[in-house]
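Undergrad: Sequence and predicted structure, then a few things I'm wondering about:
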Amino acid sequence: MFRTEIFKLFGSIMVDNDAANQAIDETESKANKSTKTFGEMLGSAAKVGAGIAMAMGAAVVAVGGLAVSLTDDLQKSLNSIQSQTGATDESMVAMKDTMLAIYNANLGENFDDIARAMSEVGKQTGATGEALEGMTKDALVLRDTFELEVMESTRTADMMMKRFGITSDEAFNLIAQGAQQGLDKNGNLLDSINEYSVHFQQLGFSSEEMFNMMANGAATGVFDIDKLGDAMKEFGIRSKDGSKTSSDGFKALGLDAAKMTAEFAKGGDASTYAFDQVIKGLSAMTNPVKREAAGVALFGTQWEDVGVEGILAMGKLDGAINSNIDALGKINEVNYDTFGQAVQGIGRNLQTGILLPLGEKILPILNEFAGWIQGNMPAIQNEIEYAMGIIGGVFDVIGGVIRDYIMPQFNAFKNVISENMPQIKVAIQAMYDYVKPSFDRLAASIRENVLPIIQGFWDLVQRAMPTIRVIFEVAMLAVGTALKIAMDVITVFLEIVKGMYNIIKPPLDLVIGIFGKVSSAIETALGWLLDWNGTPAKDKSITVRTTYKETSSAKTVGDRLGNNAQGTDFWRGGLTWVNEEGGEIMNLPRGTQIIPHDVSMEMARNSGLSSSAIVFERGAFEGANIMDDYGVDRLMDRVMDRLALKGVR
């Protein structure tokens with residue numbers, strides 16, 4: 001019943017503020033009849049609400065931290081690109097879009113990895129915009145698939161583009177197909193293409209024909225494609241040099257040497273046709289000795305390295321490698337078409353769609369706050385140093401407890417364990433022997449029953465992956481629209497936060513200023529105390545005079561107590577005061593009894609003398625009255641604490 005009244009109360013507050021006052025009174029009245037009052041119920045609710053608010057606050061802080069971290073990583077990577085390429089501030093806007101597109105495509109390890117790849121591609125090719133994005137994506141796929149470094153693959157692709165007049169997509173796809181055909185088995189595919197492409201091009205061959213010629217030659221068993229390229233280089237030189245050796249080689253094939261030299265010098269289709277005639281001539285020769293002589297005359301010693309089968313195989317210009325095949329696209333589908341990669345891709349799109357825009361809004365506010373912190377650093381440092389002094393004392397106490405109490409117990413426990421280790425080992429082995437058969441049976445059951453189910457599920461996921469990708473793309477389109485609306489709302493919210501910050505900043509500055517003045521006043525007072533009477537703190541002293549007054553009931557006892565503050569040359573003997581006005585020096589005969597202070601005070605109290613106020617008679621404490629010993633102790637403790645704050649021990 002009472003809980004219902006609380007909900008009604010909140011409803012009235014939200015709807016009708018005037019009725020709320022009456023509702024509060026009525027609800028409080030009903031609450032007084034319950035086991036808890038309304039205030040107590042609200043107190044409990046406040047604790048729950050505080051817990052929820054703390055949890056929500058922690059979540060908000062965590063998301064904000066991720067957003068700022070991601071935004072900071074992106075900016076650092078963009079700064080790296082600008083430093084390495086010398087790009088203008090205006091062009092960096094497009095660079096950012098390119099980097100995010102590559103990141104959302106699930107390529108590259110992180111922003112820094114993508115930045116290094118983009119910088120390398122940009123420096124070598126001068127590409128920007130979509131061209132830079134496409135080449136960087138291709139280079140990263142080649143690296144992730146064939147371990148071909150971005151710098152080397154980009155250099156090779158750029159050379160092929162310029163040498164053969166092809167696009168970057170065609171160049172990278174030909175490299176990928178060459179690697180798939182095993183042309184990089186010795187790790188020198190890119191170096192071979194870089195070195196020998198010019199010679200294939202001068203002989204009139206296209207980039208596609210060059211790759212097929214090397215693939216066909218390698219298929220005959222040539223151990224290194226570098227030998228194939230070197231053979232074509234040597235042939236390209238000899239076919240145009242007009243030397244007697246070259247002429248003899250052409251004549252051995254039944255060809256007109258002068259005409260062949262002229263055809264090869266033309267390049268293009270004429271040169272490729274002439275090369276085909278040479279291959280046919282070598283293939284038609286039946287005398288192996290004469291064919292060997294003709295081959296060496298035209299291809300040099302590389303004829304011997306490659307062999308007749310390898311040279312003749314390079315005469316075939318077509319093959320499995322085709323510049324129109326999107327090899328990298330298929331590789332991308334295979335490499336990244338898994339459930340884990342799909343989840344990672346979703347995560348990256350959410351990061352760039354939500355966290356990055358949020359971080360870009362938060363960072364300016366953080367920078368402004370950092371400036372405020374820097375401006376008030378002296379006051380903040382003073383407070384931190386004071387707090388750390390207190391914390392240090394606490395940790396000293398904790399350390400003492402650990403050292404004096406916990407560690408002895410731990411060492412004793414360790415000794416017990418060491419002494420009983422043989423028995424412990426026997427017990428552990430016995431437990432292991434007991435449970436091992438059960439775990440073996442469990443493992444066998446999992447292997448026979450659970451793993452087939454998991455494998456079947458995984459097979460189902462793989463078959464459904466194309467459908468999942470389509471659903472994901474549609475969902476991301478919807479999410480993108482929703483995010484745009486959400487970001488508008490977040491922008492308004494951040495502006496409100498910034499406005500609130502600007503409102504509370506002046507009062508905060510005022511409080512810090514007041515605190516600084518108070519700290520200065522305290523420091524001045526402490527300095528005055530330390531300099532009191534012009535003596536160092538360690539040499540300061542306080543003279544305390546304690547006076548007592550007699551009570552009527554102790555008159556006779558008081559008569560027996562002498563007062564020798566002024567001294568005497570002859571004392572009659574018996575009890576006497578000697579410190580009524582401070583400390584005096586006494587000349588006592590041998591065997592004189594000296595009664596300690598605490599016993600003396602007890603005797604005085606028993607005799608009926610009552611203590612009056614203690615009067616401080618020196619310096620800043622002139623006239624300060626304290627009524628008992630406890631008051632003296634408290635005053636001295638406060639004085640010593642203040643001196644300790646200034647480093648006086």
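TA: Great, that's in hand.
Undergrad: all strands of the chain, in order?
TA: Using DSSP state E, the strands assigned to the chain run over residues 544-549, 562-563, 576-577, 610-616, 625-626.
Undergrad: Considering the ones you listed, which stretch scores lowest in mean pLDDT?
TA: When those are compared by mean pLDDT, strand 610-616 comes last with a mean of 42.
Undergrad: In contact with Lys251, which residues?
TA: Lys251 makes contacts with Ala257, as judged by Cβ atoms under 8 Å, 6 or more residues apart in numbering. (Each C-beta comes from the backbone N, C-alpha and C, glycine too.)
Undergrad: roughly how far apart are it and Ala258?
TA: 11 Å (Cβ to Cβ, to the nearest Å).
Undergrad: Could you do Ala179 as well?
TA: The gap separating Ala179 from Ala258 is 42 Å, by Cβ to Cβ.
Undergrad: Looking at those two, which one has more neighbours?
TA: Ala179 (21 against 11; other Cβ atoms under 10 Å).
Undergrad: wait, the more buried one sits on Arg143?
TA: No - using Cβ atoms under 8 Å, Ala179 makes no contact with Arg143, being 11.3 Å away.
Undergrad: And stretch 576-588, end to end?
TA: From its first residue to its last, stretch 576-588 covers 13 Å (Cα to Cα, to the nearest Å).
Undergrad: For Ser239, see how far away the closest residue to Ala270 other than its chain neighbours is.
TA: Leaving out its chain neighbours, the residue that sits closest to Ala270 by Cβ to Cβ, 6 or more residues apart in numbering is Glu263, at 4.8 Å. Relative to Ser239, Glu263 is positioned 9 Å away (Cβ to Cβ).
Undergrad: repeat for Arg143
TA: Noted for Arg143: a distance of 38 Å to Ser239, by Cβ to Cβ.
Undergrad: in the stretch 51-200 of the chain, which segments are predicted with low confidence?
TA: 51-67 (pLDDT under 70).
Undergrad: which outside residues touch stretch 172-188?
TA: Here stretch 172-188 has contacts from 135, 138-139, 141-142, 145-146, 148, 153, 156-157, 160, 166, 189-190, 192-193, 207-208, 211, 214-215, 218, 223-226, 320-323, 325-328, 331, using Cβ under 8 Å, 6+ apart.
Undergrad: again with stretch 88-97
TA: With Cβ under 8 Å, 6+ apart, stretch 88-97 has contacts from Leu74, Leu78, Ile81, Gln82, Ala87, Met118, Thr128, Gly129.
Undergrad: List the buried residues for that stretch?
TA: Within stretch 88-97, the residues that count as buried by 16 or more other Cβ atoms under 10 Å are Ser91, Met92, Met95, Lys96.
Undergrad: Stretch 125-140 too?
TA: For stretch 125-140, by 16+ other Cβ under 10 Å, it's Thr125, Ala127, Ala131, Leu132, Glu133, Gly134, Met135, Thr136, Lys137, Asp138, Ala139, Leu140.
Undergrad: Export those as CSV, with columns for distance to Ile398.
TA: Below are those laid out as CSV (distance: Cβ to Cβ, whole Å):
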residue, distance to Ile398
Thr125, 63
Ala127, 62
Ala131, 64
Leu132, 58
Glu133, 58
Gly134, 61
Met135, 60
Thr136, 55
Lys137, 57
Asp138, 60
Ala139, 57
Leu140, 53
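Undergrad: Ser247: which of those is nearest?
TA: Thr125 (43.0 Å; Cβ to Cβ).
Undergrad: Next, the contact list for the closest one, please.
TA: Here Thr125 is in contact with Ala131, Leu132, Met135, Thr154, Asp158, Met161, Ser168 (Cβ under 8 Å, 6+ apart).
Undergrad: Farthest-apart pair in those residues, please.
TA: Leu132 and Met161 (13.8 Å).
Undergrad: And the spatially closest residue to Ile380 that is not a sequence neighbour, how close does it get to Ile384?
TA: Closest residue to Ile380 apart from its sequence neighbours, by Cβ to Cβ, 6+ apart: Ile373 at 7.0 Å. Distance of Ile373 to Ile384, computed by Cβ to Cβ: 12 Å.
Undergrad: that older thread, the residue nearest to Ile380 and Gln381 touch, don't they?
TA: No - because the distance of 10.8 Å does not satisfy Cβ under 8 Å, Ile373 is recorded as not touching Gln381.
Undergrad: May I see the buried residues of stretch 173-190?
TA: Here stretch 173-190 shows 173-181, 183-184, 188-190 as buried, counting by 16+ other Cβ under 10 Å.
Undergrad: what's the burial count for Val198?
TA: 13.
Undergrad: and if you look at Thr71?
TA: 19.
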